[in-house]
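Colleague: Provided below for reference: sequence and predicted model.
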Amino acid sequence: MSASSQKWVCQQLMGPLQHELRWYCDPQSQRVWFNYRDEENCRCTLLPHWLQSLDASCRGAVQQIVAQVSGDHQSKCCHFCHDDDRWFRMDLSYAYQPQINQELLCGELICLTQNADTSDQLFLKNELGLLNCPTFRSFLIQALQSNAHNGEPLVLMALHLEDKTQVSREQLAGQLRHQLRRSDLIGLFRQQEVLVLLNGVNEQGAIRIAEKLTTVARQMLVATDGIGLTIGWALYPQDGDNVDTLIERRFSRWISS
């Protein structure tokens, strides 16, 4: 890449950034230019060096999306959790820049769990961080792809409230939020169900979590004169290796309250 091209790229990265990170990558030279929102200057390094500086979950997501977009030149996005705390979306596109006669990968990192803008409200149901069904499915697909590559387990847990129960699924999900890791995802599914994505959890961990949630839910239901909760779960990869199979088998193991 010429000096004028590098100057143009850095100019695009200067100034206030709307999102957490903006970056460009030359797929031929593997050079990457990036600027974080809380920094003033554009920085440049080689893609492998930059990847090594990232959190492991972020690194895996970036490697995956770079390989996909470099291969088919189609814009894509992926999701990942950073520091067991916040969820992010990485958008990446492949574009020819006529100003510099250069093809570049153009990426942005968007935080979904803090300071979400209007477009990201589709991802967050409310202040509890509940995901709507399409977004939960998107996260589950991304987690399955990542875990297939890294050989990590995953649990899809479902909580079904009977119609006669005087507790809403939003109330139930709010109680669950205090019992789970901040990186565990909670989504609303159908009229009476809540889904939970427990990444990195094995069968023994799923049983312990289900028993814990059963105790919490039973206390909540008794306090509101409600009855009728079933907690079920499916394991990856034992019960299925794709999102539709796991959802279909979400009550292959279950506990009833």
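Modeller: Received it, and whenever you're ready, just let me know what you need. Residues are numbered from 1 along each chain as shown.

Colleague: Quick one: mean pLDDT for the longest helix along the chain?
Modeller: If you go by DSSP state H, the chain has its longest helix at helix 203-223. Here helix 203-223 scores 84 as its mean pLDDT.

Colleague: Same check on stretch 92-106?
Modeller: 90.

Colleague: buried stuff in that stretch?
Modeller: Within stretch 92-106, the residues that count as buried by 16 or more other C-beta atoms under 10 Å are L92, Y94, I100, Q102, L104, L105, C106. Heads up, the C-betas are built off the backbone N, CA and C, glycines and all.

Colleague: so can I have a markdown table of these showing distance to S138?
Modeller: Formatted as a markdown table, these follow (distance: C-beta to C-beta, whole Å):
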| residue | distance to S138 |
| --- | --- |
| L92 | 15 |
| Y94 | 21 |
| I100 | 34 |
| Q102 | 31 |
| L104 | 26 |
| L105 | 21 |
| C106 | 21 |
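
Colleague: Just flag the most distant two among the residues you listed.
Modeller: Largest separation among the buried residues of stretch 92-106 by C-beta to C-beta: L92 and I100, giving 18.8 Å.

Colleague: Could you list which of the buried residues of stretch 92-106 belong to strands?
Modeller: Among the buried residues of stretch 92-106, the residues falling in strands (DSSP state E) are L92, Y94, Q102, L104, L105, C106.

Colleague: Can you tell me how far the last one is from V66?
Modeller: Pointing back at C106 there. The gap separating C106 from V66 is 12 Å, by C-beta to C-beta, to the nearest Å.

Colleague: Pull up the overlap in contacts between those two.
Modeller: L92 (C-beta atoms under 8 Å, 6 or more residues apart in numbering).

Colleague: The helix or strand containing C25 pairs with which strands, and in what direction?
Modeller: Under the criterion of DSSP states H and E, C25 resides in strand 21-26. Strand 21-26 pairs in its sheet with strand 31-36 (antiparallel), strand 102-111 (antiparallel), by DSSP bridges.

Colleague: so where is the stretch 51-200 of the chain shaky, pLDDT-wise?
Modeller: Applying pLDDT under 70 to the stretch 51-200 of the chain flags the ranges 57, 81-87, 112-129, 163-166.

Colleague: at 80 instead, please
Modeller: The model of the stretch 51-200 of the chain has pLDDT under 80 over residues 55-58, 60-61, 78-89, 111-129, 146, 149-150, 162-168, 181-183, 191.

Colleague: Kindly export the longest helix of the chain (C-alpha atoms) in PDB.
Modeller: Output of helix 203-223 as PDB, limited to C-alpha atoms (Å, rounded to 0.1, in the frame of the first residue of the first chain):
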ATOM      1  CA  GLU A 203     -23.700 -31.500  31.600                       C
ATOM      2  CA  GLN A 204     -22.700 -31.400  35.300                       C
ATOM      3  CA  GLY A 205     -22.800 -27.600  35.300                       C
ATOM      4  CA  ALA A 206     -26.200 -27.600  33.600                       C
ATOM      5  CA  ILE A 207     -27.700 -29.800  36.400                       C
ATOM      6  CA  ARG A 208     -26.300 -27.500  39.100                       C
ATOM      7  CA  ILE A 209     -27.600 -24.400  37.400                       C
ATOM      8  CA  ALA A 210     -31.000 -26.000  36.800                       C
ATOM      9  CA  GLU A 211     -31.300 -27.000  40.400                       C
ATOM     10  CA  LYS A 212     -30.300 -23.500  41.500                       C
ATOM     11  CA  LEU A 213     -32.800 -21.800  39.200                       C
ATOM     12  CA  THR A 214     -35.500 -24.300  40.300                       C
ATOM     13  CA  THR A 215     -35.100 -23.200  43.900                       C
ATOM     14  CA  VAL A 216     -35.200 -19.500  43.000                       C
ATOM     15  CA  ALA A 217     -38.200 -20.000  40.800                       C
ATOM     16  CA  ARG A 218     -40.100 -22.000  43.300                       C
ATOM     17  CA  GLN A 219     -39.600 -19.300  45.900                       C
ATOM     18  CA  MET A 220     -40.900 -16.700  43.500                       C
ATOM     19  CA  LEU A 221     -43.900 -18.800  42.400                       C
ATOM     20  CA  VAL A 222     -44.900 -19.600  46.000                       C
ATOM     21  CA  ALA A 223     -44.700 -15.900  46.900                       C
END
